[in-house]
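Undergrad: Okay, sequence plus prediction incoming.
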Amino acid sequence: MMKIAEARRAYATQLSVQRGQRAQLLKQKEKLEQEKANRLSVSSETSGNGVSLELSDEYLQRFTELQERIDTLTDQIKKNEKSLDDVIEMEVGIANSEVAKQQGDAMEEAAEDMAKCLEIARRISRGDKVPAQDEKKLMDFNMEIYQIAKNMAVMNMNKKHKEWESLWEDEEEKQEYADPMETAADAEMNIAMPEGMDATAQSQEFRE
């Protein structure tokens, strides 16, 4: 299991290393090809009527090995690029889910607050006494509803009234939500290590 942030860093780092290695190998290949071109040029000048050049076994072996290493790195890079895209997509998906959850919680809180404010308006309109903080909640929620409730309270002044405790008296502090991207980055997933990365080296570098 790896945290998504660890996996993202591992793939990005490995890709950077592999791209650098491939660039060096491509330079070596270019140098070999230039040597081949130089030999052909010299052979053409000395042979007069034609080119007679047999590449040595050593040259062919070096060129073949070099091309194989380039092909292997290219294949690993393609796989790691695809895997990195998948990791990023996974991270964004988790972050979006967290955002939706937080928005849902906020909407639920807003609905609860609205219900409380309407209940306060009902109590005030009957002429009942509510705590000052509850009156302020209603004023902040909707001044028009508050004024209507106060006007109705005047009409019910002579009726029997009740004194209420605050609907927010035992209210807990507002929940503070974590950053969705941080939540996604810390999520642990079963993600394979990058192509070409040693397991021990990866563990030491990204789990410290």
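TA: Thanks, I have it.
Undergrad: show me where the chain has strands.
TA: 2-3, 188-189 (DSSP state E).
Undergrad: by contact count, what packs against the last one?
TA: Okay, so that is strand 188-189. Other helices and strands packing on strand 188-189, by 3 or more C-beta pairs under 8 Å, 6 or more residues apart in numbering; DSSP states H and E, are strand 2-3, helix 4-47. No exception for glycine: its C-beta is placed from N, CA and C like everyone else's.
Undergrad: Check the ones you listed for me and report the most buried one.
TA: Among the helices and strands packed on strand 188-189, strand 2-3 has the highest mean neighbour count (mean count of other C-beta atoms under 10 Å), at a mean of 19.
Undergrad: Rounded mean pLDDT for the longest helix seen in the chain, please.
TA: In the chain, with assignment by DSSP state H, the single longest helix is helix 57-125. Averaging pLDDT along helix 57-125 gives 90.
Undergrad: Quick check: which helices or strands does that helix pack against?
TA: Using 3+ C-beta pairs under 8 Å, 6+ apart: helix 57-125 touches helix 4-47, helix 132-141, helix 143-155, helix 180-186.
Undergrad: for those helices, which one sits closest to Asp75?
TA: For the helices and strands packed on helix 57-125, the distance to Asp75 is smallest for helix 4-47, at 10.2 Å, taking C-beta to C-beta.
Undergrad: now the closest one and helix 57-125, what's the angle there?
TA: 150 degrees (axes from the mean of the first three to the mean of the last three C-alpha atoms, to 10 degrees).
Undergrad: I'm done for today, thanks for sticking with me.
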